[in-house]
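Undergrad: After the sequence you'll find the predicted model.
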Amino acid sequence: MQALFKSMSDSIRLSLITKTILLILSNIFILRPLEVEGEVLWFFFLFLVFIIEQQGQLKTHIKYMLVFLLLQGVFLMTGHFSNSLVLRILGIVCYIILKFYPCLYVARTMISNLKVDEAYYSFKMLRINQNYIIPFLIFARMLPIANAERKEIVFQLKMRNGKLKLKDLP
C-alpha cells in the first residue's frame, strides 16, 4: 500500500507507479469503442483522483473537466445533425480529441510535479531498463522548462507589440 501512496502532512500524494498505471489504463481505453457514459465516468474518476492529490491546483483541474464536458457536448450535438459535412467533420475531430484527452490529462499531471529521484526509483521498481529511464526523465524534465521559455518569449513579444509566427522560426 505504501508503494501506491506517499503520505504528506496535509494531503495524499500518489506515487509515480500509480500514475503510470492510470496512464496505461487511459491508453487502453483509447482502443475501446466510444461509450459516452464510460468515457465520462473514467475522466470523472481521474478528475477526482487528481483533485484529491493536488488540492492547490483546483482551477487547472476544473478547466480540464470543463473542456472535456464541452467536447462531449459538441460530439453529442454533432451526432444529431449528421446531414452536414462540416458537422460530421467537427464530430470526428471531437471524437479523436475525446479519445486522447484522458491520456493527455494523466500525462500532464504526471509531468507537472515529477521528481527525478522518485521517478527513477519508481521505474526501477517496475523493472524498466535504465537505458529507457534516463532518456525519459531528461525528456520529462525538459517539457516544463521548454514551456516556461515559450511563455517568456511570448510575453516579451507582447511587450514589444510583436507576434510569434511559424515562418519567423529558424
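TA: Done, it's in.

Undergrad: Please list the residues outside the host helix or strand of Leu71 that contact it.
TA: Counting by DSSP states H and E, the element that carries Leu71 is helix 58-80. If you take CB atoms under 8 Å, 6 or more residues apart in numbering as the criterion, helix 58-80 is touched by 36, 39-40, 43-44, 47, 50-51, 54, 87-88, 90-91, 94-95, 97-98, 101, 105. C-beta coordinates here come from the backbone N, C-alpha and C atoms, glycine included.

Undergrad: again, only this time at 7 Å
TA: Outside of helix 58-80, the residues within contact range by CB atoms under 7 Å, 6 or more residues apart in numbering are 36, 40, 43, 47, 50-51, 87, 90-91, 94-95, 97-98, 101, 105.

Undergrad: roughly how far is whichever helix or strand comes after it from the heart of the chain?
TA: Proceeding C-terminally, helix 58-80 gives way to helix 85-112 as the next helix or strand, assigned by DSSP H and E. The chain centroid and the centroid of helix 85-112 are separated by 10 Å under CA atoms, centre = their mean, to the nearest Å.
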